[in-house]
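Peer 1: Kindly generate the corresponding structure for this input.
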Amino acid sequence: MSLVFAGICSHAPGITGRAHLADPAVKDALHAEMYRLGESMREAKPDALILIGAEHFANFFMNNMPAYAMGMADHYEGPIEDPKWLGIEKVRIPGNAELSERVIRATMQEADVAYAEEWKFDHGLMVPLHFLTPHYDLPVIPVNINCQGPPLTPLTRAWAFGAALRQACDSVPERIALVATGGISHWPASPDSGKINEAFDRAFVDRWCRNDKAALLSYSDAETYREAGQGGFEIRTFIAVAAAARGAGEIRFYQPIPIFSVGCTVGVMAIA
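Peer 2: Numbering: from 1, shown residues only. As a prediction, the model looks like this:
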């Protein structure tokens, strides 16, 4: 039928794994908005969720690093990490191989994409799913944009990929929700872990809310690395959703939370 919902949210493992260490008021506010994002998504009555993440060398490594990959299976498993560390128990996540194949074939008309029939979800997908689908009862089509191992896909191609996803969603009879997960500024697994550039984050989400294509694509990797850390490369997932949705965005929550090591973000975008 069409794309019926678009949103973004952070996926930092601390959101669930270190929740007990955060200021309770801040943590509760973030969790409430993450759950509300799921409620808004379900109100759109999607038949499936395309969840775009930035995988962290859990399934793809430098011996085989696709720029874009999509899952094509009837079920997935996660988290690949220690459940005690992440605060999420291992679960079986439903997929839909037949629908996935149709979406992948349609996406391929405009963008090159790899596919995987086996996929173990890491925190990049599991943390959002914990809030979006608490009962794990909505089929998921996982998507990975390589934001970890250079050379990274250009931002222009991330936009083109998002546009291809929109075309694919509109080509199938099912109702599709699209959510991108990632971080804005953060320096994971480094001496600067916990550092957050709030000014960079707020400027980026302003561009995202305006769906200002030229401004969103104007970042260089050198600038992003300098101002937002290696974790900032995950802006690609948010850019893909902007290209797919085409409308104006609304940030429902943004706050730098050092114990979670990222500026935590929750937003929705109108479908135009």
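Peer 1: low-scoring stretches of the stretch 101-250 of the chain, by residue?
Peer 2: For the stretch 101-250 of the chain, no stretch has pLDDT under 70.
Peer 1: Try it again at 80.
Peer 2: Within the stretch 101-250 of the chain, the segments meeting pLDDT under 80 span 189.
Peer 1: can you pull out the helices in this structure?
Peer 2: 14-17, 24-43, 83-86, 97-107, 123-132, 155-171, 198-210, 213-216, 221-228, 235-245 (DSSP state H).
Peer 1: which other helices and strands contact the longest strand seen in the chain?
Peer 2: When the chain is scanned for its longest strand (criterion: DSSP state E), the result is strand 246-257. Here strand 246-257 touches helix 24-43, helix 198-210, strand 262-271, going by 3 or more C-beta pairs under 8 Å, 6 or more residues apart in numbering; DSSP states H and E. Placement of C-beta: from N, CA and C, glycine included.
Peer 1: so what strands line up beside the last one?
Peer 2: By that I understand strand 262-271. strand 2-10 (antiparallel), strand 246-257 (antiparallel) (DSSP bridges).
Peer 1: roughly how far apart are the residue nearest to T107 when sequence neighbours are not counted and V103?
Peer 2: The spatial neighbour of T107 that comes closest, neighbours along the chain excluded (C-beta to C-beta, 6 or more residues apart in numbering), is A168 at 4.4 Å. According to C-beta to C-beta, to the nearest Å, A168 and V103 sit 5 Å apart.
Peer 1: same check, this time on F200
Peer 2: 33 Å.
Peer 1: Looking at those two, which one has more neighbours?
Peer 2: Each of F200 and V103 has its neighbours counted (other C-beta atoms under 10 Å); V103 has more, 25 against 21.
Peer 1: picking that back up, redo the strands paired with strand 262-271 as CSV? Include distance to E174.
Peer 2: Conversion of those to CSV gives the following (distance: least, C-beta to C-beta, whole Å):
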stretch, distance to E174
strand 2-10, 9
strand 246-257, 20
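Peer 1: In TSV, list the ones you listed along with mean neighbour count and distance to L129.
Peer 2: Below are the strands paired with strand 262-271 laid out as TSV (neighbours: other C-beta atoms under 10 Å; distance: least, C-beta to C-beta, whole Å):
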stretch	mean neighbour count	distance to L129
strand 2-10	23	10
strand 246-257	18	18
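Peer 1: can you tell me which of the ones you listed comes nearest to L217?
Peer 2: strand 246-257 (14.8 Å; C-beta to C-beta).
Peer 1: now the angle between helix 198-210 and that closest one, please.
Peer 2: Angle, strand 246-257 to helix 198-210, by axes from the mean of the first three to the mean of the last three C-alpha atoms, to 10 degrees: 160 degrees.
Peer 1: So what touches strand 246-257?
Peer 2: 6, 8, 14, 22, 26-27, 29-30, 33, 36-37, 166, 196, 198, 201-202, 205, 208-211, 242, 262-272 (C-beta atoms under 8 Å, 6 or more residues apart in numbering).
Peer 1: Could you tell me which of these count as buried?
Peer 2: Taking 16 or more other C-beta atoms under 10 Å as the criterion, what is buried in these is 6, 8, 14, 22, 27, 30, 33, 37, 166, 196, 201, 205, 208, 211, 242, 262-269, 271.
Peer 1: The residue nearest in space to the middle of the chain and H135: what is the separation?
Peer 2: The centre of the chain sits closest to T181, judged by C-alpha atoms, centre = their mean, with a distance of 1.9 Å. For T181, the distance to H135 equals 19 Å [C-beta to C-beta].
Peer 1: before we move on, what about L152?
Peer 2: Distance, L152 to H135, using C-beta to C-beta: 35 Å.
Peer 1: Adding distance to L216, write the helices and strands packed on strand 246-257 out as CSV.
Peer 2: Formatted as CSV, these follow (distance: least, C-beta to C-beta, whole Å):
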stretch, distance to L216
helix 24-43, 21
helix 198-210, 5
strand 262-271, 12
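Peer 1: Of all these, which one comes closest to W187?
Peer 2: W187 sits nearest to strand 262-271 of all the helices and strands packed on strand 246-257, at 9.3 Å, using C-beta to C-beta.
Peer 1: Contact partners for A215?
Peer 2: Contacts of A215 (C-beta under 8 Å, 6+ apart): R207.
Peer 1: Mind doing that once more with 10 Å?
Peer 2: 203-204, 206-208 (C-beta atoms under 10 Å, 6 or more residues apart in numbering).
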